[in-house]
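Asker: A predicted structure for the sequence below; I have some questions about it.
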Amino acid sequence: MESPFKPEILKGKVALITGGASGIGFEISTQFGKHGASVALMGRRKQVLQSAVSVLQSLVIPAVGFEGDVRKQEDAARVVESTFKHFGRIDILVNAAAGNFLVSAEDLSSNGFRTVLDIDSVGTFTMCHEALKYLKKGGEGRSNSSSGGSIINISATLHYTASWYQIHVSAAKAAVDATTRNLALEWGTDYDIRVNGIAPGPISGTPGMSKLAPDEISSKARDYMPLYKLGEKWDIAMAALFLASDAGKFVNGDTMIVDGGLWLSRPRHLEKEAVKQVSRSVEKRSRNVPVGVPKSKL
């Protein structure tokens with residue numbers, strides 16, 4: 001689809017994207033590059049990383065890939081430093097690396113729980129912490145009309161209520177949201193660095209959908225999804241473009257929900273026609289109540 005943003009909206013900026021070689025992360029990498037940014041991808045799988053960089057470079061996007069695991073502080077420091085050395089600055093950090101799998105709470109080991117928290121929440125903080133000094137440097141010399149550095153943390157909506165068989169991810173993403181708000185307060189005040197999040201809903205064509213949401217999502221979508229469709233990776237990338245660019249320069253500490261309203265949905269207890277019948281019946285009874293007669297006497 002055609003982007004609603006100007007092609008140069010991120011011109012001259014450098015973005016480091018964890019998990020940027022696949023899924024939502026790769027779409028963000030691609031759209032950032034198409035809108036003027038140079039991109040550095042961080043990932044654990046060398047072949048996937050190389051393939052992603054090749055695709056970006058074929059689109060004439062300045063791109064580089066660095067192997068690394070966000071759970072390891074030394075990897076985070078090395079990749080951040082390498083990105084700065086390669087491009088000379090870092091303006092945007094996107095934390096899209098994540099881990100997930102379906103498991104009931106009683107069958108989830110402490111190690112499994114800890115692994116997802118290490119990737120999603122600890123990894124997010126570690127990358128933010130290591131990137132801080134470079135995001136501050138990237139902000140030097142900016143005018144007051146321009147925003148400073150920007151961090152975008154990819155979250156979820158699972159923890160807004162509760163989710164079946166994803167207690168580990170719900171806990172991890174709740175921590176990510178808290179990290180986003182706290183860093184937005186501290187680093188927004190001290191360094192003019194904006195920190196925001198994006199909470200995607202079900203997104204088609206992603207590893208998460210294939211692993212976590214079987215085909216019945218599509219067949220039953222009309223029953224509970226307000227917009228009756230799955231989201232696309234493009235939708236998340238457009239939200240990221242808004243937050244990373246000066247279009248979102250006054251947005252800080254927010255986690256933008258991009259799920260078509262799914263998190264608001266509840267099961268229908270009555271179909272529309274049944275609701276109409278009940279409403280008519282109640283209205284009819286109300287009209288037949290004599291004036292001045294207490295309802296307790298009826």
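Answerer: That came in fine, so what should we check first?
Asker: Contacts for stretch 76-84 next, please.
Answerer: 14, 16, 40, 42, 64, 66, 68, 70, 90, 123, 126-127, 129-131, 134, 137 (Cβ atoms under 8 Å, 6 or more residues apart in numbering). From N, CA and C alone the C-beta is placed, and that goes for glycine too.
Asker: I'd like to know which of those residues are part of strands.
Answerer: Among the contacts of stretch 76-84, the members falling in strands are Val14, Leu16, Ala40, Met42, Val64, Phe66 (criterion: DSSP state E).
Asker: Go through the helix or strand where Gln47 lies and flag the buried ones.
Answerer: Assignment of secondary structure by DSSP states H and E places Gln47 within helix 46-58. Buried residues in helix 46-58, counted by 16 or more other Cβ atoms under 10 Å: Leu49, Ala52, Val53, Val55, Leu56.
Asker: Closest to Gly20 out of those?
Answerer: Ala52 (7.1 Å; Cβ to Cβ).
Asker: Quick check: closest non-adjacent residue to that closest one.
Answerer: Leaving aside its chain neighbours, Ala52 sits nearest to Ala21 (3.7 Å; criterion: Cβ to Cβ, 6 or more residues apart in numbering).
Asker: Surely Ala199 is within a strand?
Answerer: Yes. Looking at Ala199 with DSSP: H, G, I helix; E, B strand; the rest coil, it is inside a strand.
Asker: I'd guessed it sits against His159; true?
Answerer: No. Contact criterion Cβ atoms under 8 Å: Ala199 and His159 do not qualify, at 9.4 Å.
Asker: I'd like the ones in strands among the contacts of stretch 76-84 laid out as CSV, including distance to Gln166.
Answerer: Shown next, in CSV, are these (distance: Cβ to Cβ, whole Å):
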residue, distance to Gln166
Val14, 34
Leu16, 28
Ala40, 30
Met42, 25
Val64, 34
Phe66, 30
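Asker: follow-up on the earlier one: counting neighbours, go ahead and name the busier of Ala199 and His159.
Answerer: Each of Ala199 and His159 has its neighbours counted (other Cβ atoms under 10 Å); Ala199 has more, 23 against 20.
Asker: Distance of the more buried one relative to Tyr134?
Answerer: Distance of Ala199 to Tyr134, computed by Cβ to Cβ, to the nearest Å: 26 Å.
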